[in-house]
Each structure stands twice: as C-alpha cells, then as structure tokens.
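Visitor: Could you look at this predicted model? Sequence included:
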Amino acid sequence: QVQLVESGGGLVQPGGSLRLSCVVSGSFDSIIYMAWYRQAPGKQRELVASIRSDDWTYCTNSVKGRFTISRDNAKTTAYLQMNNLKPEDTAVYYCFANSDKTVGSWGQGTQVTVSS
C-alpha cells in the first residue's frame, strides 16, 4: 500500500503564494507518476498538474505560468508552488500517485482558500 500526506494549504489573499507538499510512504520501489488535483464546491475534481518519473511535467491551462510542480531527488515528495493565486483557485487540493506496485493512491486533501 501507499500513503500520501499533503500539507501547506491555508488562507491567502489574491496575488499571494502557497507551496503544497505531498509525502509518499509505504511499500514500493519507485513512484512512477504524481499529480495534484483540486475540487471546488459543486464542481468536479480536476487535474491541476502532474509529473512523471522522467520529470516531464504538465500543467492545466488555467494555472500555466502561475503554478509549478516538482519533486525531490528521492522522488517521494511532490510540491506544487502556487503563485499569483486567484479566488477561483479556491478548492481542496489532492495529491495522487502511481507506484510500481500500486495504482491510484490519493491523499486526504488540503484546503486552499484565496480571499481578501
């Protein structure tokens, strides 16, 4: 099994920044893929950004130029650096990971609120 723990959410004013972290633990040899999703009230969960084991990254259009996904050297911690936050970025942010042994693991989520 794989466990994911997110941290770094909170309340921030528009234009501010936050950095989310996701630590992966459990039984695996390697983490192949990690991603950040978000779900706003009344909306479907959406993919925000992802990173592969070869460090190829993807960001959805609405956050390009503002959000950056990265991983540590051990590739067991993913980060989402969020700059120039907007009220529409308000959501619960979830970490997602695929390992060599387990597909589709989710974290418990961390709330990000952008409000003045």
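Guide: That came in fine, so what should we check first? Numbers count the residues shown, from 1 in each chain.
Visitor: what's across from residue 21 in the sheet?
Guide: Listed beta-bridge partners, residue 21: residue 7, residue 79 (assigned using DSSP bridges).
Visitor: and residue 68, bridged to which residues?
Guide: Counting by DSSP bridges, residue 68 is bridged to residue 81.
Visitor: which residues does it contact?
Guide: By CB atoms under 8 Å, 6 or more residues apart in numbering, the contact set of residue 68 is 49, 59, 80-81, 83. In this view, the C-beta of every residue, glycine as well, is placed from N, C-alpha and C.
Visitor: Strands of this structure, start to end?
Guide: Remark: strands assigned in the chain by DSSP state E are 2-7, 10-12, 18-26, 31-39, 46-52, 57-59, 67-71, 77-82, 91-99, 105-106, 110-114.
Visitor: if we look at the shortest one, which residues are touching it?
Guide: Contacting residues not belonging to strand 105-106 are listed as 1-4, 24, 94-99 [CB under 8 Å, 6+ apart].
Visitor: Who wins on neighbours among those residues?
Guide: With neighbours taken as other CB atoms under 10 Å, the top of the contacts of strand 105-106 is residue 95, carrying 26 neighbours.
Visitor: what's the closest non-adjacent residue to that one?
Guide: Using CB to CB, 6 or more residues apart in numbering and skipping residues adjacent in sequence, the residue nearest residue 95 is residue 22, 3.4 Å away.
Visitor: That neighbour reaches residue 5, doesn't it?
Guide: Yes: between residue 22 and residue 5 there is a contact under CB atoms under 8 Å: 7.1 Å.
Visitor: Which one of these two is surrounded by more residues?
Guide: Ranked by neighbour count (other CB under 10 Å), residue 22 and residue 5 place residue 22 first, with 26 against 14.
Visitor: ok, that one to residue 48 distance?
Guide: Using CB to CB, to the nearest Å, residue 22 is found at 12 Å from residue 48.
Visitor: Alright, calling it a day.
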